[in-house]
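Colleague: fold the following and give me the result.
(chains A, B, C and D)
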There are 2 protein chains.
Amino acid sequence: MTDPFEGLLGYHLRRLSVIAMTDLAAALAPLNLKPTEASMLFVIDANPGVSQSEVGRILGVKRANMAPMVATLMRRGLIEREPVDGRVQALRLSGKGQSMRARARACVEAHEERVFGSLSKDERNQMIAVLASLWSKPEVEMEVE
Amino acid sequence: MTDPFEGLLGYHLRRLSVIAMTDLAAALAPLNLKPTEASMLFVIDANPGVSQSEVGRILGVKRANMAPMVATLMRRGLIEREPVDGRVQALRLSGKGQSMRARARACVEAHEERVFGSLSKDERNQMIAVLASLWSKPEVEMEVE
DNA sequence: TTCTAACTGCTATGCAATATAACAATCGAG
DNA sequence: CTCGATTGTTATATTGCATAGCAGTTAGAA
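Modeller: Below is the predicted model:
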């Protein structure tokens, strides 16, 4: 039986992505964080004071879907908001959020090791370079709303 | 602003996968096929006589979700079923299904060119080898039900 | 300065992919 | 022959993501 997906890069990309996402979700479950929520902590940590719209733009999450997620992280005391002007509110990690971010980061790194551990550091970096160049190029642009 | 996803292979994998899936869905839309339906045509074409459970196992689609998809392809006259025994039914492409499969394949190849066109054939094959080795290894196995 | 277009945060809602649970009919290994 | 496993199926829940619209706010062009 011939493999009809032999030469199709997109197929293998998707299969691995699904497996990786499943593993990541399981890795973060003990922290009661979904992958997107963890990503939000990472982005806010790296860019203190960002607006939630901006976070959404970075992560490819629509404004409408950001609202309830931010509300959840607020409710859990992981992030704090400070009004910048009448619309924008600056997001920052709370102390609790900082330690949660660190724990999440550890989970993510363990996950990466689990899924991509058979690749050398060089291979991984090379892969990252290729993937990043493909998804961040403007030709295949995606609109976040 | 530092990129918190710099070294995370999984992140870039997912971002590209989402873009690729969006492009693929758009590419197949004119044929009124979803990506999974097109994949089913490919698998059935490559393995005439497979059962739908087997197709599901190959594609990572649960039995319960295969039923309505098979029904759709049957209704459209793209595939045919022949009872093998009291449970199993052998799936084959109809003539119409064959030509649809060919057209879908063309769409997929155009899509691949669009998304991965900036990579050389060698780079693509190398990527495929790496991705396939990662997702098909038993350590990170996934259960289809 | 005023007006308008654009932006922020938000709610409500819909859809499609996927997951769970259960069932009847059937098969096959022991 | 029997019992565990398998097939196809229905019904249903969950989840991620999309659309549409709104009120309040801002900023830039006229």
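
Colleague: and the longest helix along chain A, how far from the chain's centre?
Modeller: Longest helix of chain A, by residue count under DSSP state H: helix A:95-116. Computed by Cα atoms, centre = their mean, to the nearest Å, the chain-centroid distance of helix A:95-116 equals 11 Å.

Colleague: same for it, what does it pack against?
Modeller: Using 3 or more Cβ pairs under 8 Å, 6 or more residues apart in numbering or on different chains; DSSP states H and E, the elements in contact with helix A:95-116 are helix A:9-28, helix A:35-46, helix B:9-28. Using the backbone N, CA and C atoms, a C-beta is placed for each residue, glycine as well.

Colleague: nearest to residue B:77, of the ones you listed?
Modeller: Closest of those to residue B:77 is helix B:9-28, at 17.8 Å (criterion: Cβ to Cβ).

Colleague: which other residues reach the helix or strand immediately after the longest helix of chain A in the chain?
Modeller: Where DSSP states H and E defines the elements, the next helix or strand beyond helix A:95-116 is helix A:121-135. With contact meaning Cβ atoms under 8 Å, 6 or more residues apart in numbering or on different chains, helix A:121-135 is reached by A:116, A:119, A:140, B:7-9, B:12-13, B:15-16, B:19, B:115-116, B:118-119, B:123, B:127, B:130.

Colleague: buried ones in helix A:121-135?
Modeller: A:124, A:126, A:127, A:128, A:130, A:131, A:132, A:134, A:135 (16 or more other Cβ atoms under 10 Å in any protein chain shown).

Colleague: can you tell me how far the most centrally placed residue in chain A is from residue B:68?
Modeller: Per Cα atoms, centre = their mean, the C-alpha nearest to the average position across chain A is that of residue A:39, at 3.6 Å. The gap separating residue A:39 from residue B:68 is 33 Å, by Cβ to Cβ, to the nearest Å.

Colleague: tally of neighbours for whatever residue of chain A ends up closest to DNA strand D?
Modeller: Shortest chain A-to-DNA strand D distance, computed as Cβ to the nearest atom of the strand: residue-wise this is residue A:86, at 2.0 Å. Residue A:86: 6 surrounding residues under other Cβ atoms under 10 Å in any protein chain shown.

Colleague: what's the answer for the one 5 residues further on, then?
Modeller: Counted with other Cβ under 10 Å, residues neighbouring residue A:91 total 25.

Colleague: tell me the residues of chain A that contact DNA strand C?
Modeller: A:18, A:22, A:51-54, A:63-64, A:67-68, A:70-71, A:87-89 (Cβ under 7 Å from any atom of the strand).

Colleague: residues in chain A within reach of DNA strand D, list them.
Modeller: A:34, A:36, A:61, A:62, A:63, A:64, A:65, A:85, A:86, A:87, A:145.

Colleague: which ChimeraX command selects the buried ones in those?
Modeller: Selection command for ChimeraX covering only the buried members of these, criterion 16+ other Cβ under 10 Å:
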select /A:61
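
Colleague: picking that back up, is the residue of chain A closest to DNA strand D in a helix, a strand, or coil?
Modeller: The assignment at residue A:86 comes out as coil when based on DSSP: H, G, I helix; E, B strand; the rest coil.

Colleague: SS state for residue A:90?
Modeller: strand.

Colleague: that one contacts residue A:82, correct?
Modeller: Yes: at 4.8 Å, residue A:90 counts as touching residue A:82 under the criterion of Cβ atoms under 8 Å.

Colleague: which one's more surrounded, those two?
Modeller: Between residue A:90 and residue A:82, residue A:90 has the larger neighbour count (other Cβ under 10 Å), namely 17 against 10.

Colleague: residues contacting the residue lying closest to the more buried one once chain neighbours are set aside?
Modeller: Spatially, and ignoring its direct neighbours in sequence, residue A:90 is nearest to residue A:49 (4.1 Å; Cβ to Cβ, 6 or more residues apart in numbering or on different chains). Going by Cβ under 8 Å, 6+ apart, residue A:49 touches A:84, A:90, A:91, A:92.

Colleague: with pLDDT and distance to residue A:106 added, can I get those in CSV?
Modeller: Converted to CSV, the contacts of residue A:49 look like this (pLDDT from 0 to 100; distance: Cβ to Cβ, whole Å):
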residue, pLDDT, distance to residue A:106
A:84, 92, 32
A:90, 98, 27
A:91, 98, 22
A:92, 98, 21
